[in-house]
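> here's a sequence, model it:
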Amino acid sequence: MISRRSPAPPAGPGPEGVDDVPKRPIGRYIVGLVGIAILAVVATLLTASLLSRQKFDAAVTGEATTQVIRATSLSESASDLLTLAENPEEPGDVEELRAERARTVERLEIEYAHFVATHEALIDGNLALGLPGNNSPQVTQLFLGLKPVFEQLRDATADVIVAGRSGAAVLPGEIEPVLVAADAFRDPMLDIVQTYTEESQARVESLKRTQYLLLTITIIVLVFEGVFLFRPAVQEFRREWRQRAQAHISERKDDQRKLSYLARFDPLTGLINRFLFGDRLTNAISRARRDGGIVSLMFLDLDEFKAVNDRFGHHIGDGLLKQVAQRIVASVRESDSVARLGGDEFTVVLEGSHRVEDAGHVATKILEAMQEPFHVGSHELRLTASIGIALYPVDGQSAQELLRDADIAMYSAKAAGKNTYQYFTPELREKTSERLHLIDGLRRAVEARHELDLVYQPKVDTATNTITGVEALVRWHHPELGLVLPDRFVPVAEETDLILPIGDWVLEEACRQMRTWQSRGIDITMSVNVSSRQLKRGDLVESVAKVLDSTGLDADRLEIELTEGTLVEDTELAARALEELREMGVQVSIDDFGTGYSSLSYLKRLPIDRLKIDRSFIRDITVSEEAATLSAAIVGLAQSLRLDVVAEGVETAEQLTMLERLGCYGMQGFLFSRPVSADDVRALIERGLPIITRTPVHAGRVAAS
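All right, here's what the predicted structure looks like:
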């Protein structure tokens, strides 16, 4: 970490005669302050004067502009009187025309009064209207030129008003002078408005120049004041500056050394980083190419390290990474290179060996070192790792190729169950290429949606031989690979988080289809599988509520299926989510029950409606006493907890008979129906299920029941 700057040395008399500097007389200091105060007062008064003048300028400009509008209004009102005079007075309209003429005359009088009063105020001033009247010579000259036109408009309008008051018809000859004078008034008056505006802007610019001048003078005075005021501290400042400069140079050198270290080493573990690792690996390959021999690259990734960070925090995770680095270093030779690439990924470069199996021995040693618990703070943690191994010159000729192949082998070790190592083989590269092809295609399928489809497998109550519900199953119609089944693309989707948009789409489409069936009188339930990532995302309840609201499906028609593994990963999170789903009315079932995580404690804690016996038990139930015993135990457990139970994967009449003898009547499998389209489900319900003949089961096979 870059060091902080050294603290400044304590203040004190310097060696260069700082104490001998004469102090500035107090009188000169006061004079400077008074000068600054005077400048500030002058600037304030000028600004106030400008603001006051701007207020008058705005009023004058506004009233002058209004005069143009009023002149137009006078001509329009006079024209209205002429129009009313030319209309024939039919017996029924006489009173209405007279009233309209009176209103027009009254409006003309008001406009005339405002027009005359404002014109006089613009020339002579009227503080009540905000008009000072102190016009410039240019404006005064313009008003003098406008005077004949104004008087003509004033007198002509007065004549029209007198004629209108008398009740006599206003003749065109009386209106024409008003129209002519109004037109002649507009342009000169607009010139006056323009002159007012220009003079106002000129005053603003003049004040700005004055203010800039005052500001410049003030700054100059302040500079001189500062020079005299702070002169005693100048030499002290220079001395401190030299000391700080020396300290800064020293810090810069330290920083450069630390930056050089950080450019090559990981700051957390002290191991070499990705960049220095690349150089080490490239140099090792060059030496092996020149001298012969093998270079082994080991790519190590910690298993489930993210869970440590999520549960205990990153500070615990960082402490764990430090101890992991120490154990890896202790497991290899001093001549081998150990690097941390980032996160929980480490690499080891082994050189000078001539045997392929040597890398496997070192990997085994590292895995054994990881078996001991890690003590970080007050926590005791257990962690495993997966290691991929690639060899030069067998697997690659360059550092990039070896790193790629070791990474592929590492993922193969994880797929093999983790806590092991795996050598790279060409077949792994082909599998990785196929996996990447699936990921790309699946991403396009998620974006386009038209490649994904839902089919539905019925769930049957054999006691009544009726369909009680269906399970929604997603299918992928790849444009090149054809139909891709879930067991091939769902694991890939879960690794890349594509399972989240797929799961959301399945939930919405299934609920929409169930709502369609419900509107047609089909009374069954729709089961939808939810992945662990959907639950961990934290918004499962909100997503279900949103879909139910948008589709209009009743909550009790929806059943959410989760596997045991999903529930035990975070029981507290699962309990909260399932409890909220139960309050909404949504049913919950445990899928693949009995596959290794079964626990009475979480069954009692979680709000569950149904258990689904895994198909691996049903497949052997008629030939394996152990499978029959376990199935009987699951059925008994469900009955004791008052839970429904459904057997998955029922394919033969013998399995059907055995399950009914165990007391299980909820079933699902090819014996009743394969997954079918929505239309086929409706036809199957309307047609009804065929009667299946029960097949006797040998007594020896049902001993467990």
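
> which residue lies nearest the spatial centre of the chain?
Nearest to the centroid of the C-alpha atoms of the chain, with distances taken as Cα atoms, centre = their mean, sits Arg537, at 14.8 Å.

> and the pLDDT at Gln138?
Looking at Gln138, its pLDDT stands at 84.

> show me what the strand or helix carrying it is packed against.
Using DSSP states H and E, Gln138 falls within helix 137-166. Judged by 3 or more Cβ pairs under 8 Å, 6 or more residues apart in numbering; DSSP states H and E, helix 137-166 is in contact with helix 26-86, helix 94-124, helix 172-262. Bear in mind the C-beta positions are built from the backbone N, C-alpha and C, glycine included.

> can you list those in JSON lines and add distance to Glu654 and mean pLDDT?
Below are the helices and strands packed on helix 137-166 laid out as JSON lines (distance: least, Cβ to Cβ, whole Å; pLDDT from 0 to 100):
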{"stretch": "helix 26-86", "distance to Glu654": "101", "mean pLDDT": "73"}
{"stretch": "helix 94-124", "distance to Glu654": "104", "mean pLDDT": "78"}
{"stretch": "helix 172-262", "distance to Glu654": "69", "mean pLDDT": "78"}
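
> got those helices as CSV, with distance to Gly669 and mean neighbour count columns?
Below are the helices and strands packed on helix 137-166 laid out as CSV (distance: least, Cβ to Cβ, whole Å; neighbours: other Cβ atoms under 10 Å):
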stretch, distance to Gly669, mean neighbour count
helix 26-86, 89, 16
helix 94-124, 92, 16
helix 172-262, 61, 14
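
> element containing Gly469?
Assigned by DSSP H and E, Gly469 belongs to strand 466-478.

> buried set for that strand?
Under the neighbour-count criterion of 16 or more other Cβ atoms under 10 Å, strand 466-478 has Ile467, Thr468, Gly469, Val470, Glu471, Ala472, Leu473, Val474, Trp476, His478 buried.

> quick check: the farthest pair among these?
Farthest pair in the buried residues of strand 466-478 (Cβ to Cβ) is Thr468 and His478. Separation: 33.1 Å.

> what's downstream of the helix or strand of the chain with the lowest mean pLDDT, the next helix or strand?
In the chain, no helix or strand scores lower on mean pLDDT, DSSP states H and E than helix 600-605, which sits at a mean of 70. Counting by DSSP H and E, the next helix or strand C-terminal to helix 600-605 is strand 610-613.

> ok, how many other residues are close to Thr462?
21 (other Cβ atoms under 10 Å).

> the nearest residue to it once chain neighbours are set aside and Arg257, how far apart?
The shortest distance from Thr462 to any non-neighbouring residue, by Cβ to Cβ, 6 or more residues apart in numbering, is to Tyr665 (4.9 Å). Counting by Cβ to Cβ, to the nearest Å, the gap from Tyr665 to Arg257 is 77 Å.

> just to revisit the earlier point, touching, the residue nearest to Thr462 and Asp461? I think so.
Yes: using Cβ atoms under 8 Å, Tyr665 is in contact with Asp461, at 5.8 Å.

> these two: which is more packed in?
Tyr665 (19 against 16).

> ok, back up a step: tell me the predicted confidence for the residue nearest to the centre of the chain.
pLDDT, Arg537: 86.

> 24 is where my numbering starts, stick with that
Renumbered: residue one is now 24, and that last one reads Arg560.

> these two touch, right, it and Pro524?
No: Arg560 is beyond contact range of Pro524, at 11.3 Å (criterion: Cβ under 8 Å).

> quick revisit: flag every buried residue along the helix holding Gln161.
162, 165-166, 169, 172-173, 175-177, 179-180, 182-184, 186-187.

> quick check: angle from it to helix 195-285?
Angle, helix 160-189 to helix 195-285, by axes from the mean of the first three to the mean of the last three Cα atoms, to 10 degrees: 130 degrees.

> just give me how far helix 160-189 sits from the chain centre.
Chain-centre distance of helix 160-189: 69 Å, with Cα atoms, centre = their mean, to the nearest Å.

> do stretch 543-558 as well
For stretch 543-558, the gap between its own C-alpha mean and the chain's C-alpha mean amounts to 29 Å (Cα atoms, centre = their mean).

> for stretch 558-565, measure first residue to last.
11 Å (Cα to Cα, to the nearest Å).

> quick one on the thing from earlier: save the helices and strands packed on helix 160-189 as CSV, and put in distance to Val347 too.
Below are the helices and strands packed on helix 160-189 laid out as CSV (distance: least, Cβ to Cβ, whole Å):
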stretch, distance to Val347
helix 49-109, 68
helix 117-147, 90
helix 195-285, 20
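
> out of those, the one nearest Gln445 is which?
That would be helix 195-285 among those, by Cβ to Cβ, at 32.9 Å.

> outside of the helix or strand following the closest one, which residues touch it?
Sequence-wise, the next helix or strand downstream of helix 195-285 (DSSP H and E) is helix 297-314. Helix 297-314 has contacts (Cβ atoms under 8 Å, 6 or more residues apart in numbering) with 286-288, 295, 316-318, 320, 360, 362, 364-365, 370, 372, 374, 415-416, 420-422, 425-426.

> any of the residues you listed buried? List them.
Buried, going by 16+ other Cβ under 10 Å: 288, 295, 317-318, 320, 360, 362, 364, 370, 372, 374, 415, 422, 425-426, out of the contacts of helix 297-314.

> farthest pair within these?
Phe288 and Ile317 (26.7 Å).

> please tell me how far Ala122 sits from Ile133.
Ala122 is 17 Å from Ile133, by Cβ to Cβ.

> helices of the stretch 474-623 of the chain, start to end?
With helices called from DSSP state H, counting those that start in this stretch, the stretch 474-623 of the chain shows them at 509-519, 522-542, 555-559, 563-574, 587-592, 594-607, 623-628.

> which ones are touching Ser573?
Taking Cβ under 8 Å, 6+ apart, we find Ser573 in contact with Glu531.

> the one 3 residues further on too?
By Cβ under 8 Å, 6+ apart, the contact set of Leu576 is Cys534, Arg535, Met537, Arg538, Gln541, Met549, Val570.

> likewise for Ser360?
Here Ser360 is in contact with Ile295, Phe300, Arg303, Leu304, Ala307, Val371, Val372 (criterion: Cβ under 8 Å, 6+ apart).

> please redo it, this time with the cut-off set to 7 Å
Shown in contact with Ser360 (Cβ atoms under 7 Å, 6 or more residues apart in numbering): Ile295, Phe300, Arg303, Val372.

> pop out the phi and psi values for it.
When quoted as degrees, to the nearest 10, the phi and psi of Ser360 stand at phi -100, psi 130.

> and for the one 5 residues further on?
Note on Gly365: backbone dihedrals following degrees, to the nearest 10 are phi 140, psi 150.

> state the pLDDT value of the closest residue to it other than its chain neighbours.
Among residues not flanking Gly365 along the chain, Arg297 sits closest, at 6.7 Å (Cβ to Cβ, 6+ apart). The model reports Arg297 with a pLDDT of 89.

> what is the burial count for Arg297?
Number of residues near Arg297 (other Cβ under 10 Å) recorded here: 14.

> which residues does Ile636 contact?
Contact partners of Ile636, counting by Cβ under 7 Å, 6+ apart, are Phe616, Gly617, Ser654, Ile657, Val668, Ala670, Glu671.

> just the buried ones from these?
Phe616, Gly617, Ser654, Ile657, Val668, Ala670, Glu671.

> with respect to pLDDT, which of these ranks lowest?
Ranked by pLDDT, the buried ones among the contacts of Ile636 bottom out at Gly617 (73).
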